[in-house]
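Colleague: how would this look folded up:
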Amino acid sequence: MAAAALAVVTVPASAGQAQARTSSSAISVMSWNVCAGTNPGCFFYGRDMREVAVKVAWYAVTQPIRPDVIFLQEFCSGGTATLESLLEQKTGRAWTVRSSILTVKGGSPKVCAPDRQGRPRGHTAVTVAVAGNAATFQAHGLTSPPWYVKRMALCAAIPARRVNVCGTHLSAGLSYDDREPGAPFRRKQVEELLAAAAKPGYRAVFGGDLNLAPPDSRQSTAAKRRILAPVYAAYAECDQNGTRDGRWTEKHVREDGSVSKRKLDYLFAPRGSVTRCHVAQDAAPSDHRPIYVKVGLG
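Modeller: From the prediction side, this is the model:
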């Protein structure tokens, strides 16, 4: 489904499903950059999207936090229906999965690399999956470098829980993306993400691969670390443990073969509502590790 067609999509749930989820006093969210689209250095590059979906579903049922919502980055839109089906099989719950496609300069969709048999896998997307409840999905375009990819935030408002969840993948600080000093595009994208997540009468739970260092880390530059400071001031990040930092979520192999481990992935929720956070510890088939948050709704 193209991003433009996903401007507002309301997906109903059966009365029984909605009632079952409304009684819950918490909501759990998982975020993972699966690195499946166009990076030849990643395990899922060129893999059948069913294989990617199987692993996402595995992470949905094997970790200490079982998600009600899943954010994915660098997913390929051709796997959207397969992921929905596999999540339902593995969890025993109804799921709705939607993808918002990224576009390149000129407005054409960013195509995922084909699989190893040369078959298309769709387009690079940010993807949001919601279990059980009716949800209204809305895609928000983010201000992006005109010479590279148009970034998106995909939100799902869940009336039964009065929660608005938003997943995104912000621009990277690479020579072909948000390359200017101070990361001006990511600074603007963070402002727009905050605006998209804030829905009157709803709690906001949002995050994804933000491609930014935490304010209290020693990563990156001081100017770039400050970009997320307003978010930490307004919300709690699940893994901050008293400081504006957290465990590493991305492993980067440099050209000289050395490895750096960084926190680039985040999940934010209202202050005082985070009851548990988890970062998957096993070797994920991606350069990122899944991150989870449990949020109290009392």
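Colleague: element containing the residue lying closest to His169 once chain neighbours are set aside?
Modeller: The shortest distance from His169 to any residue other than its chain neighbours is 3.8 Å, reached at Gln73 (C-beta to C-beta, 6 or more residues apart in numbering). From N, CA and C alone the C-beta is placed, and that goes for glycine too. With elements delineated by DSSP states H and E, Gln73 resides in strand 69-76, which encompasses its position.
Colleague: Flag every buried residue along the helix or strand just after that strand.
Modeller: Later in the chain than strand 69-76, the nearest helix or strand by DSSP H and E is helix 80-91. Buried residues in helix 80-91, counting neighbours by 16 or more other C-beta atoms under 10 Å, are found at Thr80, Thr82, Leu83, Glu84, Leu86, Leu87, Glu88, Lys90, Thr91.
Colleague: Between those residues, which sits nearest Gly296?
Modeller: Thr91 (21.3 Å; C-beta to C-beta).
Colleague: ok, the closest one - contacts?
Modeller: Ala57, Ala60, Val61, Arg66, Ala131 (C-beta atoms under 8 Å, 6 or more residues apart in numbering).
Colleague: Go again with 7 Å.
Modeller: Residues touching Thr91, when contacts are defined by C-beta atoms under 7 Å, 6 or more residues apart in numbering, comprise Ala60, Val61, Ala131.
Colleague: Give me the number of neighbouring residues for the residue nearest to His169.
Modeller: Gln73 is surrounded by 27 other residues when neighbours are defined as other C-beta atoms under 10 Å.
Colleague: from the middle of its chain, how far away would the strand holding Gln73 be?
Modeller: Here strand 69-76 is found 5 Å from its chain centre; the criterion is C-alpha atoms, centre = their mean, to the nearest Å.
Colleague: does Ala156 have beta-bridge partners, and which?
Modeller: Partner residues in beta bridges with Ala156, using DSSP bridges, are Phe137, Val165.
Colleague: Could you give the backbone dihedrals for Arg203?
Modeller: Backbone torsions of Arg203, given as degrees, to the nearest 10, read phi -80, psi 140.
Colleague: okay, the closest residue to it other than its chain neighbours: pLDDT?
Modeller: The shortest distance from Arg203 to any residue that is not its chain neighbour, by C-beta to C-beta, 6+ apart, is 5.0 Å, and that residue is Val163. Each residue has a pLDDT score; the one for Val163 is 98.
Colleague: rewinding a little: please indicate which of the contacts of Thr91 are buried?
Modeller: Judged by neighbour count, with buriedness set by 16+ other C-beta under 10 Å, the buried members of those are Ala60, Ala131.
Colleague: Surely Asn33 and Glu74 touch.
Modeller: Yes. In this structure, Asn33 sits in contact with Glu74. The criterion is C-beta atoms under 7 Å, and the distance is 5.4 Å.
Colleague: hey, what's in contact with both of those two?
Modeller: Contacts common to Asn33 and Glu74, judged by C-beta under 7 Å, 6+ apart, are His169.
Colleague: Could you give the bridge partners of Tyr235?
Modeller: Note on Tyr235: beta-bridge partners Pro270, judged by DSSP bridges.
Colleague: Output stretch 128-146 as PDB, nothing but the C-alphas.
Modeller: What follows is the C-alpha trace of stretch 128-146 in PDB, where atoms were taken according to Å, rounded to 0.1, in the frame of the first residue of the first chain:
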ATOM      1  CA  VAL A 128       3.300  -0.900  12.200                       C
ATOM      2  CA  ALA A 129       1.400  -3.900  13.500                       C
ATOM      3  CA  VAL A 130      -1.400  -3.700  16.000                       C
ATOM      4  CA  ALA A 131      -2.900  -6.700  17.800                       C
ATOM      5  CA  GLY A 132      -6.600  -7.100  18.600                       C
ATOM      6  CA  ASN A 133      -8.000  -3.600  18.700                       C
ATOM      7  CA  ALA A 134      -9.500  -1.400  16.000                       C
ATOM      8  CA  ALA A 135      -7.000   1.200  14.900                       C
ATOM      9  CA  THR A 136      -6.900   4.200  12.600                       C
ATOM     10  CA  PHE A 137      -3.600   4.400  10.700                       C
ATOM     11  CA  GLN A 138      -2.100   7.600   9.500                       C
ATOM     12  CA  ALA A 139       1.100   8.300   7.600                       C
ATOM     13  CA  HIS A 140       3.000  11.500   8.200                       C
ATOM     14  CA  GLY A 141       5.600  12.800   5.800                       C
ATOM     15  CA  LEU A 142       8.700  14.100   7.600                       C
ATOM     16  CA  THR A 143      10.900  16.900   6.300                       C
ATOM     17  CA  SER A 144      13.800  15.100   4.500                       C
ATOM     18  CA  PRO A 145      16.800  15.900   2.300                       C
ATOM     19  CA  PRO A 146      15.500  16.500  -1.200                       C
END
